[in-house]
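[1] what's the 3D shape of this:
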Amino acid sequence: MCVLGSPLPYLSLLLDAGQRSPGDALLCLSPSWLSSSSSSSSSSLMVHKAVTFDLGGRTFLSIFDPPRKVTYFLSCDPFLNEELSHETDCPIGSSGPLVKLWGDVLTSRALLQKASIHTPPTLALLNPSAGTTLEEGIVGTVELVHLGKALKSDADFIRNKVLSFLDSKAVRSSDKVVLRHSGARFVDQAALSKPAYLSLDSTEEVWATVLQLLPGLLPGEAVLLETFCPPLRPQAHLEDCAWEEYTNGKIPQNPDLSFRLCAIVTRSPQNTPLLYKLVCRVGASDAPLSHRQSLCQSLETTLKGCGFTDPRDVRRSVRRFDGRVDLLFTSDGATVKPIVLGFHPSLCLRHSYPDQERDMESARDREIEACRGTLLLTPLIRSQCYLMRGKTVLVIGAGGHSKRFIWEAANHYQIKIVLVDSDPNHFASKMVDHFFAVPDLPDHLQDEQHCTYICDWLTSSDLHPDGCVCFWDDCVVLTSHICDKLHLRGALPEAVSIAKEKSRTHLHLLSLMTVMAGSTASVALPSVPCVHVESVLDLKKAAEQGLACPGLRASQSQAVRFPAVMKLEYGSGAVGVRKVDSLAQSLTHFERIRGDLKEETDYPGIGLGWGNAMTLMEYVGGTEHDVDVIIFNGQLEGAFVSDNGPTRPPTFTETASQMPTGLAADKRGQLITAAYHACLGCGLRDGVYNVELKMTALGPRLIEINARMGGFYLRNWILQLYGVDILLAAFAVVCGVRPRLPSAAGLPAGGHFAGVMCVVSQHLQALRTTSRLAYLRSMHRDGAICLNEFAAADELIAGEYEAPFCNVAVRDTCGQRARQRLLALCQALGLHCPPQYDLAFFLSQFS
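    Residues are numbered from 1 along each chain as shown. Down below sits the predicted model:
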């Protein structure tokens, strides 16, 4: 990340970036420190010399040989209009023309009025240039008048316009007006654009002042006459004074104060607004408030002084803006209304920084301060997109209908995909760059032979992938063998094999007393007693030992107590998972699975190519959660927690879910730590993994580790709420690109999702009538719901062993309101089917 120009405008960004990614934030003080490097396919910007920002705000003057490639570029004065950035293909955060556009008061107000955003009522007298695009007329509360070439002959017309404006209802409610300039010369130049406050006692004097300014206007510049909007002011309070002052009648007078709000709003990579910081400037009401010469304090403190206690409505009102925005708030006694004064692309960010590192006194303040990470989100994500552009990734296993988004997203990110699958006619074969069919791929007894076969095909096809990844649970072990053979980044085969076999995962973690990951601290691993089951004898032995050990300890891992859970050892999607309360029930379920699910063709895609061995695991109470972690070189780069509702006994098919988690921050942190250390304990040090856990009274307990990216709706929800694409992160990790985020576990969520699973056994009638897929898709396009489909329309067939067909979710700014809206919507769609499928119960557990 490189900034060209003065350090002041982007000091916040540079210091934050140096803290999160030391050595990757560069400041170039001269264009000569940069150069362009062109090739047949791209044009890169290279840094030869820069000031690098490191931990704790330390800086170093560095010379790079060879030069470093810029992945995100920002420029500011005095080099805002340098042509270096015009010839590069790297992402650019700002440009001279954009800064001039939004910094021009008249242009920004006209655009804001078209978007129905409040600005002061304004009369603009514009000296039009050849390139003027603003049309004469009235837009909302802004009236634009084009000045003619013969100013003297138009004087009467202009005078009538000014006097008419001064006599308007909007102006008469105030005792003064504001006079200011607009145009390229006045952008971010306080000395030239300082406003003047004129009394309305004499309208002729106001007209005379306006008339004096008009001859000095250059083409494209304007004089703005605007209504003075009185801002909120602090409530009056008693001033402490000495007894002598009181008795002599010399009580000190409090100054009449006012404040303005500076809102710094960025945009996520998905073009949603992210509020970084709110800063209030407080000063005397009889003088203009400037960024440089006013007191800075928090919004909460300022509103409290004005008699308001809840700033949430204020925060919501400014999120619709973009950039660095100056606002004030007016009140009619009943409501508070924000008024946008203008955009200052560098001043607000520059002058917000000195106070942001002060110690916070409350948890609420710390929560608000966490938003500072949003400043880095877009630069980091766009840098990763730039680095991944043109990469070639080998993907093993195409998966089913639910994985269609992978191939569409890869095309969006300009990542070339080499896909290997068993089905030569798979729909994904037409959506990728290269496709190779291996018909017996599901036979995992041949994984090592398949590995050699695929690697030989790559060599003969002259394909050299930058990384290899898998999103289909069935193929994770084969993928690890290929990574190992091709010397690509990824988890080792032994680590993936441990994670793939559920009982082995727990038994391995139970055997570890500590996790050594660059630390000497002991970490309790969240494993549960379980046993691998291939025969009736295995079940009886485990049950007998469990009965003989009522005070079972974790180290006695071959004994399991009832109630317990039986599941396919290599299964996925909760197919065949059942709670059993006794040895008799477990034997019955074991025999049923052995008869119904014997080989891959019995239920494709759930792992039967590995066999139908089972796991018997002690049942653990508590709430269920998913933790999706991003790990690079053993370091946690990102973690996202979601909640799952209660399942329908005795099965464990998912019913309802929400994101972000409703758990307290410390409980959420426990889940993230448990998931991260469980992955490290198994040897998973590079990748994006999905970890299922339960939060019990004694802390987190592991259900299982999926050694691949989370499925179902998780990628979509995380992308929309946090602006982070875990699919891109999975591609980046295997290609050796560190997927840096502003915070590994503290990114603020941009809303709440609540969703329910639709299963064919309960919703077949609704999915054919009131909730037809075509209707649900139209609601998704309209933004009424978020629909994630897991199967094709022709797979609408009920069966004893089933996985969810689709997920219907609602997004809202409030979690409780999201759940209420979802329940009402599902009642109308016919998806709420009590008592068999009681969505009110499934959603009741969330908070």
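[2] could I get the contacting residues of the residue nearest the centre of the chain?
    For the chain, Y722 is the residue whose C-alpha lies nearest the centre (Cα atoms, centre = their mean; 1.8 Å). By Cβ atoms under 8 Å, 6 or more residues apart in numbering, Y722 lies in contact with F640, L747, A749, G750. For glycine as for every other residue, the C-beta is placed from the backbone atoms N, C-alpha and C.
[3] mind listing which of the residues you listed are in strands?
    In strands, judged by DSSP state E, the following of those are found: F640.
[4] residue contacts, V340?
    V340 neighbours (Cβ under 8 Å, 6+ apart): S108, R109, L112, I117, H118, T119, F321, V325, D326, L327.
[5] ok, 10 Å please
    108-109, 112-113, 117-120, 263, 318, 321, 325-328 (Cβ atoms under 10 Å, 6 or more residues apart in numbering).
[6] what do you get for H532?
    Going by Cβ under 10 Å, 6+ apart, H532 touches 501-504, 506-507, 538, 542, 558, 569, 613-616.
[7] quick one: the lengthiest helix in the chain to chain centroid distance?
    Counting residues, the longest helix found in the chain (DSSP state H) is helix 665-682. The chain centre lies 20 Å from the centre of helix 665-682; the measure is Cα atoms, centre = their mean, to the nearest Å.
[8] which other helices and strands contact that helix?
    Where contact means 3 or more Cβ pairs under 10 Å, 6 or more residues apart in numbering; DSSP states H and E, helix 665-682 is packed against helix 363-369, helix 493-500, helix 502-510, strand 623-632, strand 635-644, strand 687-696, strand 699-706.
[9] which of those sits closest to T653?
    strand 635-644 (10.7 Å; Cβ to Cβ).
[10] who does that closest one pair up with?
    strand 623-632 (antiparallel), strand 656-659 (antiparallel) (DSSP bridges).
[11] the first one: which residues count as buried?
    Same thing as strand 623-632. Using 16 or more other Cβ atoms under 10 Å as the test for burial, strand 623-632 gives T623, E624, H625, D626, V627, D628, V629, I630, I631, F632.
[12] with mean pLDDT as added columns, please give the strands paired with strand 635-644 in CSV.
    Output for those, formatted as CSV (pLDDT from 0 to 100):
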stretch, mean pLDDT
strand 623-632, 97
strand 656-659, 97
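[13] okay, these in CSV with distance to W102 next?
    What follows is these, written out as CSV (distance: least, Cβ to Cβ, whole Å):
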stretch, distance to W102
strand 623-632, 34
strand 656-659, 34
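[14] and these: which comes nearest A840?
    Closest to A840 of the strands paired with strand 635-644, according to Cβ to Cβ: strand 656-659, at 10.0 Å.
[15] report the distance from that closest one to the chain centre.
    Chain-centre distance of strand 656-659: 17 Å, with Cα atoms, centre = their mean.
[16] ok, stretch 765-777 next?
    Remark: stretch 765-777 is offset 31 Å from the chain centroid, using Cα atoms, centre = their mean.
[17] and if you look at stretch 575-594?
    The answer for stretch 575-594 is 41 Å, by Cα atoms, centre = their mean.
[18] likewise stretch 212-224?
    Worked out by Cα atoms, centre = their mean, stretch 212-224 lies 44 Å from the chain centre.
[19] what is the mean pLDDT for it?
    Mean pLDDT, stretch 212-224: 90.
[20] and if you look at stretch 270-281?
    Mean predicted lDDT for stretch 270-281 stands at 78.
[21] ok, now stretch 166-181?
    For stretch 166-181, the mean pLDDT works out to 88.
[22] could you do stretch 425-444 as well?
    94.
[23] is L702 in a bridge, and if so with what?
    Taking DSSP bridges as the rule, L702 bridges to L693.
[24] touching, it and T505? I think so.
    Yes. The pair L702 and T505 qualifies as a contact (Cβ atoms under 10 Å) at a distance of 7.4 Å.
[25] report the contact partners of I631.
    Neighbour list for I631: 491, 517, 637-639, 675-676, 679-680, 684-689, 729, 733, 739, 744 [criterion: Cβ under 10 Å, 6+ apart].
[26] try it again at 7 Å.
    Going by Cβ atoms under 7 Å, 6 or more residues apart in numbering, I631 touches E637, C679, L684, R685, D686, G687, Y689.
[27] just A675 next, same as before
    Counting by Cβ under 7 Å, 6+ apart, A675 makes contact with V627, V629, A639, V691, L693.
[28] and M617, by the same measure?
    Residues near M617 by Cβ under 7 Å, 6+ apart: V528, C530, V560, A564, V565.
[29] can you redo those as JSON lines with distance to Y837 and neighbour count?
    JSON lines is the format used below for the contacts of M617 (distance: Cβ to Cβ, whole Å; neighbours: other Cβ atoms under 10 Å):
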{"residue": "V528", "distance to Y837": "28", "neighbour count": "23"}
{"residue": "C530", "distance to Y837": "30", "neighbour count": "26"}
{"residue": "V560", "distance to Y837": "30", "neighbour count": "29"}
{"residue": "A564", "distance to Y837": "25", "neighbour count": "28"}
{"residue": "V565", "distance to Y837": "21", "neighbour count": "21"}
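[30] quick revisit: export the helices and strands packed on helix 665-682 to a markdown table and tack on distance to L839?
    Below are the helices and strands packed on helix 665-682 laid out as a markdown table (distance: least, Cβ to Cβ, whole Å):
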| stretch | distance to L839 |
| --- | --- |
| helix 363-369 | 31 |
| helix 493-500 | 33 |
| helix 502-510 | 29 |
| strand 623-632 | 17 |
| strand 635-644 | 14 |
| strand 687-696 | 22 |
| strand 699-706 | 23 |
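[31] returning to what we had before: so which of the contacts of I631 would you say is closest to D201?
    Using Cβ to Cβ, E637 is the member of the contacts of I631 that lies nearest D201, at 63.2 Å.
[32] where's F228 relative to G399, distance?
    Distance from F228 to G399, counting by Cβ to Cβ, to the nearest Å: 63 Å.
[33] and the helices in the stretch 301-450 of the chain?
    Under the criterion DSSP state H, counting those that start in this stretch, helices of the stretch 301-450 of the chain are mapped to 312-318, 347-352, 363-369, 374-388, 404-412, 447-460.
[34] restricted to strands, list the contacts of V340.
    Among the contacts of V340, the members falling in strands (DSSP E) are A263, V325, D326, L327, L328.
[35] just to revisit the earlier point, tell me which of the strands paired with strand 635-644 sits nearest to C306.
    If you check each of the strands paired with strand 635-644 against C306 by Cβ to Cβ, strand 656-659 wins as the nearest, at 35.6 Å.
[36] what are the contacting residues of that closest one?
    For strand 656-659, the surrounding residues in contact (Cβ under 7 Å, 6+ apart) are 642-645, 717, 721, 752-756, 815, 839, 842-843, 846.
[37] can you rerun that using 6 Å?
    S642, D643, N644, G645, W717, F753, A754, G755, V756, F842, L843, F846 (Cβ atoms under 6 Å, 6 or more residues apart in numbering).
[38] what of stretch 387-399?
    The contact list for stretch 387-399 (Cβ under 6 Å, 6+ apart) reads 71, 413-421, 426, 428, 465-470, 472, 475, 478-479, 731-732, 735, 737.
[39] show me these that map onto strands.
    Secondary structure defined by DSSP E assigns K416, I417, V418, L419, V420, D421, G467, C468, V469 of the contacts of stretch 387-399 to strands.
[40] most surrounded residue in those?
    With neighbours taken as other Cβ atoms under 10 Å, the top of those is V469, carrying 29 neighbours.
[41] dump the residue contacts of the closest residue to it other than its chain neighbours.
    Excluding its sequence neighbours, the residue lying closest to V469 (Cβ to Cβ, 6 or more residues apart in numbering) is V734, at 4.7 Å. The contact partners of V734, taken as Cβ under 6 Å, 6+ apart, are G467, V469, R489, G490.
[42] same check, this time on Q384
    Neighbours of Q384 in contact, by Cβ under 6 Å, 6+ apart: A732, V737.
[43] from Q270, how far off is it?
    Q384 sits at a distance of 14 Å from Q270 (criterion: Cβ to Cβ).
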